[in-house]
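>>> missing the sequence, but the structure's below:
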Ligand code: ATP
Ligand code: MG
């Protein structure tokens, strides 16, 4: 089934000029980038985006890291896009990520792990709507 998922290229990756390298892996996996914008997240945006982790000990560090440098927010489209992109990203901790995944190749640590991807189709819809209007998504 064709799905859309939400992707963020995180500050650790944009800082190291890895936007194109990350997107090359995404496109090689057959996912199509159908919306894209470079933006510096405000603290309020980052807090809201990662609200589910508000009680976790790393929340403050996560918000600080996500607002430190620009990010690239994007919508990916393709067959089973949500699960496929999670596969392409690799495990949250790069030490546990499979060969060839984005996090295995580029992530610095469990916190600075280069990319975000929605964890369900429902959350994908919610996250996409936080950053893009329907008119900005062109498949
Ligand atoms: P994301 O939601 O960013 O796609 P994920 O779904 O693989 O990543 P989550 O459990 O949702 O992982 O954690 C969200 C983000 O919080 C992680 O990507 C990482 O940047 C950060 N994080 C998670 N666990 C830790 C930790 N133990 N220490 C520091 N940062 C962490
Ligand atoms: Mg997550």
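In hand now; what should we look at? Everything quoted here is computed from the prediction, not taken from an experiment. Residues are numbered from 1 along each chain as shown. Ligands and ions are numbered 1, 2, ... in the order given.
>>> which strand or helix spans the closest residue to residue 32 other than its chain neighbours?
Leaving out its chain neighbours, the residue that sits closest to residue 32 by C-beta to C-beta, 6 or more residues apart in numbering is residue 77, at 4.9 Å. No exception for glycine: its C-beta is placed from N, CA and C like everyone else's. Take DSSP states H and E as the rule and residue 77 turns out to sit in strand 71-79.
>>> what sits up against that strand?
With contacts defined as C-beta atoms under 8 Å, 6 or more residues apart in numbering, strand 71-79 is touched by 1-11, 14, 19, 26, 30-41, 84-85, 128, 131-132, 137, 139.
>>> from those residues, which land in helices?
11, 14, 19, 26, 84-85, 128, 131 (DSSP state H).
>>> of these, closest to ligand 1?
Distance to ligand 1, by C-beta to the nearest ligand atom, is smallest for residue 85 among those, at 9.3 Å.
>>> how near is residue 134 to residue 34?
11 Å (C-beta to C-beta, to the nearest Å).
>>> between those two, tell me which one has more neighbours.
Under the neighbour definition other C-beta atoms under 10 Å, residue 134 and residue 34 were set side by side, and residue 34 has more, 17 against 9.
>>> list the contacts of that one.
Applying C-beta under 8 Å, 6+ apart, the residues near residue 34 are 4, 75-77, 137-139.
>>> do the same with residue 18
Taking C-beta under 8 Å, 6+ apart as the test, what residue 18 contacts is 9, 106, 114.
>>> give me the number of residues near the residue lying closest to residue 123 once chain neighbours are set aside?
Nearest non-adjacent residue to residue 123, counting by C-beta to C-beta, 6+ apart: residue 6, 7.9 Å away. Residue 6: 26 surrounding residues under other C-beta under 10 Å.
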